[in-house]
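# The sequence isn't on hand, but the structure is:
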């Protein structure tokens with residue numbers, strides 16, 4: 001019987017001892033309460049002690065959490081709607097404030113933080129037009145959003161790690177209008193290019209026609225010069241030949257004329273028989 005009492009006593013001591021210690025891992029934050037009042041929260045990873053029945057401990061995830069917001073519409077500076085899909089990376093900064101503000105509930109923290117983020121987006125997007133939102137460096141928008149949400153998140157005991165815009169879309173009705181404008185602009189540019197091409201082609205054709213006329217004129221001029229030079233040379237040869245032997249030259253020219261005149265049997269010549277043309281048909285004295 002006494003042995004049983006010893007075992008019971010040892011079990012009770014062991015139970016009390018187990019109820020007097022708690023562990024905090026590297027991925028956790030812990031708060032120790034004394035009769036419902038927070039008495040400590042700055043616990044490092046490791047083994048810690050508490051008074052059984054007097055103290056109780058709550059633990060929270062200290063890792064980076066993600067708030068993936070549903071796409072939301074915001075107005076730009078030009079009063080046009082854009083649909084923004086974004087996410088936020090956050091973690092518990094001040095665990096006491098986190099517990100006090102949202103009772104340590106991650107869901108409630110996401111709800112409250114989502115409203116803060118949307119207010120920041122609304123404020124920031126209202127300062128920029130669509131072109132700036134699309135073309136501006138995303139890091140500038142990110143830094144502005146973080147700066148606007150840090151204070152509000154700190155009131156919830158939350159530390160903002162990152163705010164990122166995944167996608168910015170236009171509503172379908174606006175997208176169709178933008179696409180039509182883009183299509184009209186591309187068509188205008190295409191017409192301009194075609195017009196410039198036609199103008200360039202006309203210039204090329206006109207220059208080619210001009211060069212053709214110049215080449216033909218130069219060729220005709222050179223041909224005429226060569227022909228004139230040949231005629232002059234021929235005339236000079238004829239003159240020299242005539243001067244060397246007038247009678248032979250006359251005879252040679254007459255023979256050439258006879259050959260040309262009588263080369264076809266059907267040729268007919270009407271002239272007097274005693275004309276000068278037939279003088280070499282007569283007997284030579």
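Received, thanks. Keep in mind that what you see is a predicted model, and the values were worked out from it rather than measured.
# For residue 77, which residues are in contact?
125-129, 132 (CB atoms under 8 Å, 6 or more residues apart in numbering). Glycine gets a C-beta too; all of them are placed from N, C-alpha and C.
# Now list the buried members of those.
Buried members of the contacts of residue 77, counted by 16 or more other CB atoms under 10 Å: 125, 128.
# could the contacts of residue 77 go into CSV alongside distance to residue 32 and pLDDT?
Compiled in CSV, these are given as follows (distance: CB to CB, whole Å; pLDDT from 0 to 100):
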residue, distance to residue 32, pLDDT
125, 43, 85
126, 45, 86
127, 45, 84
128, 47, 82
129, 52, 79
132, 50, 75
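# what's the closest of the contacts of residue 77 to residue 165?
Nearest to residue 165 among those: residue 125, at 9.8 Å, using CB to CB.
# Spatially nearest residue to the closest one, not counting backbone neighbours?
Nearest in space to residue 125, with sequence neighbours left out and distances taken as CB to CB, 6 or more residues apart in numbering, is residue 74 at 4.4 Å.
# Point me to the helix or strand that includes that neighbour.
Element membership of residue 74, judged by DSSP states H and E, is strand 72-75.
# List the buried residues in that strand.
So strand 72-75, judged by 16+ other CB under 10 Å, has buried residues residue 74.
# Tell me which helix or strand comes right after it.
strand 81-92.
# Greatest separation within the contacts of residue 77: which pair is it?
126 and 132 (11.7 Å).
# where exactly do the strands run in the stretch 151-285 of the chain?
Under the criterion DSSP state E, counting those that start in this stretch, the stretch 151-285 of the chain contains strands at 158-169.
# Give me the distance between the residue nearest to residue 125 and residue 80.
Per CB to CB, to the nearest Å, residue 74 is found 10 Å from residue 80.
# Over to residue 125?
As judged by CB to CB, residue 125 and residue 80 stand 10 Å apart.
# ok, now residue 151?
29 Å.
# So between the two, which is more surrounded?
residue 80 (15 against 10; other CB atoms under 10 Å).
# So the more buried one sits against residue 130, correct?
Yes: the criterion here is CB atoms under 8 Å, and residue 80 meets it with residue 130 at 6.1 Å.
# what sits in contact with each of these two?
residue 170.
# okay, the contacts of residue 77 in CSV with secondary structure and distance to residue 235 next?
Formatted as CSV, the contacts of residue 77 follow (DSSP: H, G, I helix; E, B strand; the rest coil; distance: CB to CB, whole Å):
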residue, secondary structure, distance to residue 235
125, helix, 97
126, coil, 99
127, coil, 96
128, coil, 92
129, coil, 89
132, helix, 88
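# Just name the closest of the contacts of residue 77 to residue 182, please.
In terms of CB to CB, no member of those lies closer to residue 182 than residue 129, at 16.4 Å.
# Hmm, the closest one is touching residue 75, no?
No: Residue 129 lies out of contact with residue 75 (CB under 8 Å); the separation is 10.8 Å.
# From one end of stretch 147-165 to the other, what's the distance?
15 Å (CA to CA, to the nearest Å).
# and that stretch, how far out from the chain's middle?
33 Å (CA atoms, centre = their mean, to the nearest Å).
# repeat for stretch 140-155
The answer for stretch 140-155 is 30 Å, by CA atoms, centre = their mean.
# Do me a favour and average the pLDDT over it.
Across stretch 140-155, pLDDT averages out at 89.
# And the contacts of that stretch?
88, 90, 93-94, 97, 101, 113, 116-117, 119-121, 123-124, 133, 159-160, 162-165.
# How about stretch 23-40?
Residues outside stretch 23-40 that contact it (CB under 8 Å, 6+ apart) are 22, 41, 43-48, 50-51, 54-63, 92, 95-96, 99, 104.
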